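> Using only what follows, build the 3D model:
(2 chains)
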Amino acid sequence: MKAWPRELSVGLALAALLGALAVFAPGFFAGPPLLSLAAREAPVLLVACGAAMVIVCRQIDISSGSQFAVVSVAAGLLAAEGWPPAAVAAAALVLGTTLGALNGLLVAGLGLPSIVVTLATMVTWREGLRWWRQGAFVNLPDGLQWLGLDQTAGQWTLIAAALGLFTLLAIASRHLAAGRHLYAVGSDAEAARLAGIRPAAVTFGAFTLAGALTALAALMNVIQSPQVDPKSGTGLELKAIAAVVVGGVAIAGGRGRLAGVLLGLLLLATVAPALTHLRIEAHWEKAIQGAIILLAVAAERARGRPA
Amino acid sequence: MIKPVLSLFLAGLVLLAGCGRAPDSARDAAGGGKRLTVALLPKSKGNAYFISCRAGAEKAARALGVDLLFDGPTDTDPAKQNEIIENWINLGVDVIAAACENREGISTALRKAQARGIKVITYDADALPDARAFFVNQATPEGIGHTLMDEAARLTNAEGEFAVILSTLTASNMQEWLKHIRARLAEKYPRMKLVAVRPCDDQKDKAQTEATTLLSAHPGLRLLMNICSPAVPGAAEAVKQAGKAVRVKVIGLGLPSENRRYVKDGVTDSVILWKTEDLGALAVEAAVALAKGTLQPGATSFRTATGATYEVKGDQILLGQPFIFNRDNIDQFNF
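Numbering: from 1, shown residues only, chains lettered A, B, ... in the order given. Next up is the predicted model:
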């Protein structure tokens, strides 16, 4: 498999960074703060999985950050209305799936370019939210945080849920017919169609699944604090897409694994706290993350395929 | 399909514009009567911040015996602000006090008002200097920086490490405030040390993550100073989750409403802002004085009808030092 060297190099970069931290700032590995950080990144993993599905399908979704904010605020308002957590979660999932399906409908149904469609939905949801909520926080009822568990148990539950779902998706994408269809449509839609696959249905499915995963991610973030910030999720789409690209998923579609996405996310998400621990100025953060993305794309190019 | 929708939309706009026209009788009433009419423009009229400004403005208007108009966009919308000013020009109000969403965009409309003999001041957010006589400035960067640093020193006995969380490293207001924080630190508090400055991209969630990392990277940290509003509750949640509410103080610039629960829980110690009611009241006081001619360009101080005195620096009337909200007083404020 040609994909392995990429995951290996991302893994090595991550190991080097963790090694540097172990030597120069062992405080990074202190249990409770590290657990908190992992819990805070867990939702991003789900969004990145959704982004990976869409990109494997040779499309892109830049509206996930706005979907995340809309679902967060809606879930918060329903919870504040007194809805039980299970009903809030169900409603949030329906909402996120619908938002994803709308992207899918416009892209797969009308054949519009996904970058334009999701740019439009990204701006529409974000600005709509601004108009509706005026930037006001939503105060959540007591007892919703950590779903009533104690903090440590809540954090472990979130991490386990994210990793469990990730594993399921990783297996499904490799071994289920629907998963393999994503790759087929992403590498050559026409050939896939001749093989009896319906590219439009697969594309629609990818966007819809991405919406559902984003909704789940939003819920996993909402329960980590007692207030919802309507600006939450700003830039989340870029974080997710960056993890996908660094993880070795070809932006031209058809290639890449979720295992790489997990490594890519871990690498990118470690940069910011690593700089704080190593006492390096925050100015460097974006530059280093940018350099990692650039390296990943250049590596793709060096392998003789368009990144 | 597109065209009928568009024309319907345009027709709607024309209708709306028509409704916005004021009847001529209103102009006569405003111009002919002895009572002054002050028009107060918020950035957005539904926002709790400006609702609180309005309460102060109404109190001042009652005390001064003037009529107060309060109108603004329902959401922040610079074009709608211009529309409302055009409307007030047609109405013939005596003086306009505006909080400007778009500095350049609104200035044309404000100049037009001045050309028609309407006095103009700005408050909260300024227009271009030639489009108004005075700007009622709620807080100077120096005042904000010094208040934050002094409060940090008070809470930590002027000793130990602290970190700053701001919106972005490039935002000009953040840089300006940080400059004054550093200057005050260097000048007055030699035993305090600023160990890290981290951006939160103006998001509460990111601030929570940043604060979590800061607490573990700097075990000696005594205080988190948050100079953008979403960072205050974000940092407070991180401190609470890390179980360090007693050892690590949390202060910042923010709205009382977003921080009430942390202030009451004893996690956040001080929230710093100005009293919005006083800002609204001062805007009306200054507007009326300008219309009556008792406040002239070149003044160095402004004495209100109720006897309070404010400093005037150039063409800016200063509200004074920021106000500190804490456990004892936060329940008196609902914005």
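
> What about A:Thr152, how many residues nearby?
By other CB atoms under 10 Å in any protein chain shown, the residues close to A:Thr152 number 15. (Each C-beta comes from the backbone N, C-alpha and C, glycine too.)

> Enumerate every residue touching it.
Contacts here follow CB atoms under 8 Å, 6 or more residues apart in numbering or on different chains; on that basis A:Thr152 touches A:Pro32, A:Leu35.

> Surely it is in a strand?
No - counting by DSSP: H, G, I helix; E, B strand; the rest coil, A:Thr152 is not part of a strand but helix.

> pLDDT wise, what is it at?
Model confidence at A:Thr152, given as pLDDT, is 96.

> Kindly report the residues of chain B close to chain A.
Applying CB under 8 Å from any CB of the partner chain, we find that chain B lies next to chain A at B:44, B:46-48, B:75-76, B:169, B:195-199, B:201-205, B:208-210, B:212-217, B:219, B:230, B:233-234, B:237-238, B:241-242, B:257-258, B:261.

> Buried only: go through those for me.
Neighbour-count burial (16 or more other CB atoms under 10 Å in any protein chain shown) is assigned, among those, to B:44, B:47-48, B:75-76, B:169, B:195-199, B:201-205, B:208-210, B:212-217, B:230, B:233-234, B:237-238, B:241-242, B:257-258, B:261.

> Among these, name the ones in strands.
In strands, judged by DSSP state E, the following of these are found: B:Val195, B:Ala196, B:Val197, B:Arg198, B:Pro199.

> The second one against B:Leu215, yeah?
So that's B:Ala196. No - checked against CB atoms under 8 Å, the pair B:Ala196 and B:Leu215 is beyond contact range at 10.8 Å.

> Distance-wise, check B:Leu128 relative to B:Gly105.
As judged by CB to CB, to the nearest Å, B:Leu128 and B:Gly105 stand 10 Å apart.

> which stretches of chain B form strands?
Listed in chain order, the strands of chain B (DSSP E) span residues B:37-41, B:67-70, B:95-98, B:119-123, B:134-137, B:160-166, B:192-199, B:221-226, B:249-253, B:268-273, B:301-303, B:309-313, B:316-318, B:323-325.

> for the stretch 151-300 of chain A, same thing?
A:227-228 (DSSP state E, counting those that start in this stretch).

> what's the answer for the stretch 1-150 of chain A, then?
Using DSSP E, counting those that start in this stretch, strands in the stretch 1-150 of chain A cover A:138-139.

> Low-confidence bits of it, can you list those?
Per-residue confidence for the stretch 1-150 of chain A (pLDDT under 70) gives these ranges: A:1-4.

> Where does it get nearest to chain B, residue-wise?
Distances between the stretch 1-150 of chain A and chain B by CB to the nearest CB are smallest at A:Pro33, namely 3.4 Å.

> what's the most buried one of the strands of chain B?
Of the strands of chain B, the one with the most neighbours on average (mean count of other CB atoms under 10 Å in any protein chain shown) is strand B:95-98, at a mean of 29.

> Who are the packing partners of that one?
strand B:37-41, helix B:78-91, helix B:103-115, strand B:119-123, helix B:276-292 (3 or more CB pairs under 8 Å, 6 or more residues apart in numbering or on different chains; DSSP states H and E).

> count of residues packed around A:Thr167?
The tally of other residues near A:Thr167 (other CB under 10 Å) stands at 13.

> now swap in the one 10 residues further on and tell me
The criterion is other CB under 10 Å. On that basis, A:Ala177 has 9 neighbouring residues.

> Got the confidence number for it?
We have a pLDDT of 92 for A:Ala177.

> For chain B, spot the helix or strand the model is least confident about on average.
helix B:24-32 (a mean of 41; mean pLDDT, DSSP states H and E).

> State the mean pLDDT of stretch B:167-184.
When pLDDT is averaged along stretch B:167-184, the result is 92.

> can you pull the buried residues of it?
Buried residues in stretch B:167-184, counted by 16+ other CB under 10 Å: B:Ser167, B:Leu169, B:Ala171, B:Met174, B:Trp177, B:Leu178, B:His180, B:Ile181, B:Arg184.

> In contact with the fifth one, which residues are there?
With contacts defined as CB under 8 Å, 6+ apart, B:Trp177 is in contact with B:Pro141, B:Ile144, B:Gly145, B:Leu148, B:Leu166, B:Ile227.

> ok, 7 Å please
Contacts here follow CB atoms under 7 Å, 6 or more residues apart in numbering or on different chains; on that basis B:Trp177 touches B:Pro141, B:Ile144, B:Gly145, B:Ile227.

> I'd like the distance from the residue of the stretch 201-307 of chain A at minimum distance from chain B to A:Asn221, if you could.
Taking CB to the nearest CB as the measure, the stretch 201-307 of chain A has A:Asp229 as its residue closest to chain B, at 3.7 Å. To A:Asn221, A:Asp229 is 10 Å away according to CB to CB.

> where do the contact lists of those two overlap?
By CB under 7 Å, 6+ apart, A:Asp229 and A:Asn221 have these common neighbours: B:Asp205.

> where does the residue of the stretch 51-200 of chain B found nearest chain A fall, phi/psi-wise?
Closest contact between the stretch 51-200 of chain B and chain A, by CB to the nearest CB, is at B:Asp75 (4.6 Å). With angles defined as degrees, to the nearest 10, B:Asp75 sits at phi -120, psi 170.

> Run a quick neighbour tally on the residue nearest to it when sequence neighbours are not counted.
Among residues not flanking B:Asp75 along the chain, A:Trp131 sits closest, at 4.6 Å (CB to CB, 6 or more residues apart in numbering or on different chains). The tally of other residues near A:Trp131 (other CB under 10 Å) stands at 13.

> give the contact list for residue 132.
Chain wasn't specified; assuming chain A. By CB under 7 Å, 6+ apart, no residues touch A:Trp132.

> try again with chain B
If you count contacts by CB under 7 Å, 6+ apart, B:Arg132 has them with B:Leu110, B:Val120, B:Ile121, B:Thr122.

> The third one contacts B:Ala289, correct?
No - under the criterion of CB atoms under 7 Å, B:Ile121 lies out of contact with B:Ala289, with a separation of 9.6 Å.

> Please name the spatially closest residue to the residue nearest the centre of chain B (chain neighbours excluded).
Central residue of chain B (CA atoms, centre = their mean): B:Asp124, 4.6 Å from the mean position. Leaving out its chain neighbours, the residue that sits closest to B:Asp124 by CB to CB, 6+ apart is B:Ala99, at 3.8 Å.
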